[in-house]
Every structure is written in structure tokens, then in C-alpha cells.
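Asks: Give me the fold of what follows.
(one chain, ligands or ions: 1)
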Amino acid sequence: MDKLESFRNYLKNCKSIISLCGAGLSASSGLPTFRGSGGLWKNYSSIDLATPDAFHTDAGLVWQFYTFRRHAALKAKPNNGHKALSKLSYLENINYLTLTQNVDNASRIAKHNPKKLLELHGNLFTLSCTNFMCTFKEEQNYNHPLTPALADCEDEFSEGSFQPVKEIPESELPHCPRCNTGLLRPGVVWFGEPLPLKVIDKVDEFLVKNDPINLILVIGTSQSVWPAAAYIDRVKQQGGKVAVFNTEIPDMETVENKNAKGEYQGWAFKGDAAITLPLALE
Ligand SMILES: CC(C)NC(=O)[C@H](Cc1c[nH]c2ccccc12)NC(=O)[C@H](CCCC/N=C(/NCCC(=O)O)S[C@H]1O[C@H](COP(=O)(O)OP(=O)(O)OC[C@H]2O[C@@H](n3cnc4c(N)ncnc43)[C@H](O)[C@@H]2O)[C@@H](O)[C@H]1O)NC(=O)OCc1ccccc1
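Replies: Modelled structure (predicted):
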């Protein structure tokens with residue numbers, strides 16, 4: 001039995017399924033992955049910019065980084081990979097949940113069932129106040145640019161070289177409309193910050209209520225960020241199987257780990273998730 005048939009046979013008997021998505025799911029929508037560009041934005045390490053320290057040190061630099069990503073995400077169109085997951089999220093005969101590490105809003109634009117989507121690391125279009133006395137938080141703020149000083153941060157390059165980063169005084173950065181003193185920050189989870197408790201609780205609740213989860217779809221992720229990557233083992237511990245959708249699958253045999261009868265115990269679909277995922281879920 002070939003891989004696709006084997007996967008589809010298993011899929012149709014699944015009662016509970018989870019997807020764990022990463023930047024590779026949005027790659028063919030034109031959005032850079034973290035590792036794709038060597039993890040760099042204008043020669044700055046994306047991981048270093050996505051930290052509370054970077055924001056405290058130079059909020060202007062960090063806001064130029066997020067303005068670039070907000071603009072790119074505003075322009076991007078969801079691909080068939082996003083749409084295939086949206087379709088899966090409305091099936092009534094299964095218990096289903098999408099866990100996305102992406103903050104690009106693409107799954108929402110792809111009309112994913114909001115009840116079955118958890119944005120583990122937040123969303124670029126959510127804004128919150130950094131003044132700890134102020135609880136201001138706004139979702140779905142698509143304004144661009146957020147301030148005149150952030151106007152020309154759309155392009156990483158100009159004439160082929162990195163467009164220089166500007167010094168932007170805090171007074172010209174987005175401020176809280178409620179307390180009028182706090183700087184606004186993007187509603188994403190920075191490295192070194194805990195994931196929102198309510199999100200962690202919702203995942204745990206799903207994993208416990210629907211134990212055993214039969215299948216986890218691991219889509220376009222390098223599985224290198226925690227605690228997100230740990231959910232793969234949580235499903236394995238429940239006896240669930242893993243299907244990987246990635247352009248690079250170095251450990252294909254381990255993923256598929258065929259038994260003595262040559263039957264697939266997992267599936268590795270190498271290629272662009274915008275193509276392989278809709279095909280597998282057809
Ligand atoms: C780098 C890593 C080692 N560091 C961590 O994991 C850290 C530290 C850590 C915690 N526990 C650990 C245990 C071990 C080691 C380290 C840690 N984790 C944290 O800091 C977490 C917070 C982690 C979340 C960080 N925020 C992000 N995003 C939001 C911001 C922003 O986006 O700006 S993470 C961000 O990077 C990650 C990037 O990974 P991927 O999405 O997988 O993308 P990547 O580019 O790596 O790979 C792309 C893949 O796609 C494939 N691909 C490419 N094109 C395609 C294609 N077309 N089709 C298919 N596949 C494709 C490629 O082959 C590749 O495999 C995503 O999660 C993304 O959300 N917080 C925390 O632990 O808090 C604690 C705590 C607890 C209590 C109190 C205080 C503190």
C-alpha cells in the first residue's frame with residue numbers, strides 16, 4: 001500500500017487529530033520563515049529581536065521589525081495549505097484542534113474555525129500596552145503604518161542592499177490610547193516569555209478530554225521552539241501517529257518507522273505544504 005493510501009486509510013478512522021504548524025505553512029504565501037533567511041532580518045537575528053530585552057533596549061528597532069512583518073502579512077494571501085486546515089476544522093465527526101506557532105494571521109484570513117484554532121505565540125495584529133498598570137489590549141488592528149515614523153519599514157532591501165534601520169525616538173512610536181503613557185507592543189510571545197496560560201490550558205484540556213489523540217499533523221516547522229515542539233511527544237505518548245509535511249525531512253525513515261510488514265507507523269510528506277497537505281487531506 002503506498003504512503004498516501006496508507007495515510008488516508010488511517011485518517012478516515014481517526015477520532016481525534018491535532019495540527020502543529022510553523023512558518024513553512026506560510027512560506028508559499030510569500031512570508032519569510034525564521035530559518036529560511038538564515039533567521040535574519042537586515043542582518044539582525046530575528047530571535048534576538050523577538051525578546052523583551054530588545055524592546056527595552058531599542059523599541060524603535062523592534063517596531064521597525066514588526067512593522068515589516070505586519071506589512072508582509074497584510075499583503076500575503078492564505079495558500080491551499082491554510083485552506084485545507086480550515087476545511088478540516090469544520091468537520092463534525094472528529095475532535096480537532098490547530099496549534100499554530102505563526103503570528104501572521106493567515107489561518108484566520110483562511111476562515112479557519114476560530115473555536116479550533118490556537119495561536120500559541122500570539123498575533124502580529126494584536127496590540128497591548130506595556131504599562132503594567134494598564135490592561136489595554138486590542139485585537140485585529142490592521143492599521144499600517146501605526147505611526148508616521150514607521151511609514152517606510154515595508155521593504156527589507158532597497159536597491160538590493162538592506163534598507164538602513166532608523167533611529168526612532170519612543171515619542172514617535174505607537175502609544176496606548178487608554179493610559180496615553182505606555183508604549184504599545186505587538187501581541188506576540190517573545191522568547192523568554194511564557195505562553196498565555198489560557199492557551200496552554202486549552203491545549204491540555206483538549207489533550208486530556210480526547211485522549212488518545214490518534215494523529216498529529218506536523219506542518220512546516222523545524223520543531224526547534226519550546227514548549228510548542230513538545231506537543232508532538234505528548235501525542236506519541238498517547239499512542240498517536242505523526243505525519244510530517246516539510247520541504248526538508250532529514251529523518252524520513254524514523255518518521256515512517258515501518259514495521260516488519262512494511263506498514264507505515266508514521267508519514268513523511270516531503271514538499272511544499274501548500275501542495276502536499278491538501279492532497280493528503282483530500
Ligand atoms: C530557540 C529555542 C531553542 N528557544 C526556545 O524554545 C525558548 C527557550 C526554551 C524554553 N524551553 C526550552 C527547552 C529547551 C531549549 C530552549 C527552551 N522558548 C521560549 O522562550 C518560550 C517562548 C517561545 C515563543 C517565542 N516566540 C515566537 N514567535 C513569536 C514572536 C515572533 O514571531 O516574532 S517563536 C517563532 O519562532 C519559531 C520558528 O519556528 P518555525 O515556525 O518552525 O520556523 P522555522 O523557520 O524554524 O522552520 C521553518 C520550517 O518550515 C520548513 N519549510 C520551509 N518552507 C516550507 C514549505 N513551503 N512547506 C513546508 N515546509 C516548509 C523548513 O524546512 C523548516 O523546517 C516559531 O515558533 C515562531 O512562532 N518561552 C518560554 O520558554 O518561557 C519560559 C518561561 C516560563 C515561565 C516564566 C517565564 C518564562
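Asks: Name all residues that make contact with the residue of the chain found nearest the ligand.
Replies: Closest approach between the chain and the ligand, counting by CB to the nearest ligand atom: residue 24, at 2.4 Å. To be clear about C-beta, it is placed using only N, CA and C from the backbone, and glycine gets the same treatment. Neighbouring residues of residue 24 by CB atoms under 8 Å, 6 or more residues apart in numbering: 33, 219-222, 245-247, 273.
Asks: Filter those down to just the ones in helices.
Replies: Judged by DSSP state H, the contacts of residue 24 include residue 273 as members of helices.
Asks: Show me which residues of this structure sit near the ligand.
Replies: 22-24, 27-28, 33-36, 47, 50, 101, 103, 121, 188-194, 220-222, 224-226, 228, 245-248, 272-273 (CB under 6 Å from any ligand atom).
Asks: Now, of those, which are buried?
Replies: 22-24, 27-28, 33-35, 47, 50, 101, 103, 121, 188-190, 220-222, 225, 228, 245-246, 272-273 (16 or more other CB atoms under 10 Å).
Asks: Among the contacts of residue 24, which one sits closest to residue 97?
Replies: residue 219 (13.3 Å; CB to CB).
Asks: I'd say the closest one and residue 18 touch.
Replies: No. Under the criterion of CB atoms under 8 Å, residue 219 makes no contact with residue 18, lying 10.9 Å away.
Asks: Counting neighbours, what do you get for residue 15?
Replies: 13 (other CB atoms under 10 Å).
Asks: Pull the residues that contact the longest helix along the chain.
Replies: In the chain, taking DSSP H as the definition, the longest helix is helix 59-75. For helix 59-75, the external contacting residues (CB under 8 Å, 6+ apart) are 30-32, 41, 44, 46, 49-50, 54-55, 103-106, 124-125, 142, 144-146, 149-150, 153-156, 165-170, 172-174, 183, 186, 188.
Asks: again, 6 Å this time
Replies: 31, 41, 49, 54-55, 104-105, 124, 144, 150, 153-154, 165, 168, 170, 173, 183, 186 (CB atoms under 6 Å, 6 or more residues apart in numbering).
Asks: repeat for stretch 90-100
Replies: Against stretch 90-100 from outside (CB under 6 Å, 6+ apart): 16-21, 85, 89, 107, 113, 116-120, 206, 210.
Asks: cool, stretch 246-258 as well?
Replies: Here stretch 246-258 has contacts from 24, 244, 264-266, 268, 270, using CB under 6 Å, 6+ apart.
Asks: Apply 8 Å and report the result again.
Replies: 3, 24, 27, 218-221, 242, 244, 264-273.
Asks: what about that stretch, average pLDDT?
Replies: Averaging pLDDT along stretch 246-258 gives 92.
Asks: Test my guess that residue 110 contacts residue 76.
Replies: No. If you go by CB under 8 Å, residue 110 and residue 76 don't touch, sitting 10.8 Å apart.
Asks: before we move on, the earlier item: among the contacts of helix 59-75, name the ones in strands.
Replies: 41, 124, 186 (DSSP state E).
Asks: Contacts only, for the closest residue to residue 275 other than its chain neighbours.
Replies: If the residues on either side of it in the chain are set aside, residue 275 comes closest to residue 80, at 7.2 Å by CB to CB, 6 or more residues apart in numbering. Under the criterion of CB under 8 Å, 6+ apart, the neighbours of residue 80 are 274-275, 277-278.
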